[in-house]
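1. Show me how the following folds:
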Amino acid sequence: MTDRISHWIDGKPFTGPAGRSGDVFDPATGEVRAKVDFAGPSEVDQAVAAAAAALPGWRGTSLAGRTRVLFAFRELLSARKHELVKIVTAEHGKVESDAAGEIARALENVEYACGAAQMLKGGFSENASTGVDVYSIAQPLGVVGVISPFNFPAMVPLWFVPNALACGNTVVLKPSEKDPSAAVFIAELFAEAGLPAGALNVLHGDKAAVDGLLEHRDVKAISFVGSTPIARYVYETGTRHGKRVQALGGAKNHMVVLPDADLDLAADAAVSAGFGSAGERCMAVSVVVAVDPVGDELVAKITERMARLRVGDGRDPASEMGPLVTKAHHERVKSYVDAGVASGAALVMDGRGIEVPGDGFWLGPTLFDHVRPEMSIYTDEIFGPVLSVARAASYDDALALINANPYGNGTAIFTGDGAAARRFQNEAEVGMIGVNVPIPVPVSYYSFGGWKDSLLGDSHAYGPEGFHFYTRTKVVTSRWPDTSHAGVNLGFPGNS
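-> The predicted structure follows:
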């Protein structure tokens, strides 16, 4: 009998009728491993109602009380991270080392959220006017929704949920229906850590669940990560319904390699950043920009390393790259390889013919050279193990490629020239810059987010901007007349 993955509402698994459901696959075998419930309006209402009911108590919990729960959750997650690694690998397909790295970065953000007492301090101005004090306080928004993608089923929810809870909000999390079990595991750990029932709820489903959160009058804010077209839909729909929205979209990340770069370091970086997690990450390197005259040598070094990559079941410790998440996504990515060939790009290494035992969703690492900006493999976010090499005559030409791109998530430069690196970090119109670092994901005490079509709205994820997003600032102006000693001369001006 196929397992059922159900919602988590009001501190326990949902036991009502399933209604609609979807298949959850093991990407390495192609087999259905579970059925996941899809929420409709009734389940959305129940989850939001549970969050709303829990809000007064959780909001009224002291900062010390909230941080105790977060510290307890951090300890539980650290102790049981190996269980979560296996859940992620089984449903997403990424190799266990990639899953472990995802959870390590998630733990960083949990630890940052444990500093809520410091982050939620207000400001105070004594005697701003005679006898008048002015101060600010940060208060929670209320019930907030989190809509997270399939590619990081543990890390992205933990970009948002700990910060939202630390600020005193309650949360309804809608993970991807492709790999939903990690979100339920996280909710169970929070309950074990002492989070009150209803403060974190998990709803599974498709567009109906998303729309339910976007349109619900009791949901005050939405955090989203996904493709740019869906980010735009989420942003426009959510704001139209009066919500605060942070919507992180897609990417087309470039890695510039200057002639003075260490080419072995650059080739290692291109392979790890291009094919880690089978390229299914918004910070993956998609385009290597080789600045003349290093192109031929760099492509040779990248090809040599790609040939050694071992593709296989993520549960095999020897595997370095796993399958794609679903058959439909596999077919989509494969179609881009077909399109790249048809458009005239030089196919250096073809992953379409890879042979891996079983019926999993396999596509091997693929490399194109001499890719031009008008080709779909350059313009579109492929989200798979397809790496393109574009040639540039100079630093200025490479920079122009990046700045002309509609996406602005992350970019990197490989060089031994400090002046060139400093110029690049100032001139590249991109939100996150790496200098000899291929995937410049900020540590948790900075915030994550891109520019241009990679971000709808103006709030980045986690870090200081995460705390700001989940709070509203209230400014209080106060005067307290001295009436406690009426008729007694205390020597203050005005007393008689």
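2. The most centrally placed residue in the chain: what's it in contact with?
-> With distances taken as Cα atoms, centre = their mean, Val156 lies nearest the centre of the chain, 4.0 Å away. By Cβ atoms under 8 Å, 6 or more residues apart in numbering, the contact set of Val156 is 148-149, 225. Where C-beta positions appear, they are placed from N, C-alpha and C, glycine not excepted.
3. so which strand or helix has it?
-> Per DSSP states H and E: Val156 is located in helix 155-166.
4. one step back: tell me which entries of the contacts of Val156 lie within helices.
-> Assigned to helices by DSSP state H, none of the contacts of Val156 qualify.
5. Save the residues you listed as TSV, and put in pLDDT too.
-> Putting those into TSV (pLDDT from 0 to 100) gives the following:
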residue	pLDDT
Ser148	98
Pro149	97
Val225	98
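6. Could you identify the longest helix within the protein?
-> In the chain, with assignment by DSSP H, the single longest helix is helix 41-60.
7. Need the contact partners of it.
-> For helix 41-60, contacts defined as Cβ under 8 Å, 6+ apart pick out 7, 9-11, 14, 16, 19, 37, 39, 66, 140, 142-143, 165, 168-172, 196-199, 201-203, 205, 208-209, 212-213, 216, 218-219.
8. from the residues you listed, which would you call buried?
-> Those of these that meet the buried threshold are 7, 9-11, 14, 37, 39, 66, 140, 142-143, 165, 168-172, 196, 198-199, 201-203, 205, 209, 212-213, 216, 219, by 16 or more other Cβ atoms under 10 Å.
9. among the residues you listed, which are in helices?
-> Applying DSSP H to the buried ones among the contacts of helix 41-60, the entries found in helices are 66, 165, 209, 212-213.
10. care to break the chain down by domain?
-> Domain assignment for the chain by automatic domain parsing gives 3-249+454-476, 253-435.
11. okay if I get the ones you listed as a markdown table plus distance to Val441?
-> Output for the domains of the chain, formatted as a markdown table (distance: least, Cβ to Cβ, whole Å):
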| stretch | distance to Val441 |
| --- | --- |
| domain 3-249+454-476 | 7 |
| domain 253-435 | 6 |
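12. Show me the one of those that comes nearest Ser444.
-> domain 3-249+454-476 (4.0 Å; Cβ to Cβ).
13. Quick check: end-to-end length of the closest one?
-> 53 Å (Cα to Cα, to the nearest Å).
14. can you check stretch 420-438 too?
-> First-to-last distance for stretch 420-438 - Cα to Cα - comes to 16 Å.
15. tell me which residues in that stretch are buried?
-> Buried-residue list, stretch 420-438, by 16+ other Cβ under 10 Å: 420-421, 424, 428, 430-434, 437-438.
16. Run through the residues that contact the nearest residue to Val435 once chain neighbours are set aside.
-> Closest residue in space to Val435, ignoring its immediate chain neighbours: Ala421 at 4.6 Å, by Cβ to Cβ, 6 or more residues apart in numbering. By Cβ under 8 Å, 6+ apart, the residues touching Ala421 are 413, 415, 435-436.
17. And those residues, which is closest to Glu111?
-> Distances from Glu111 to these, taken by Cβ to Cβ, are shortest for Val435, at 25.5 Å.
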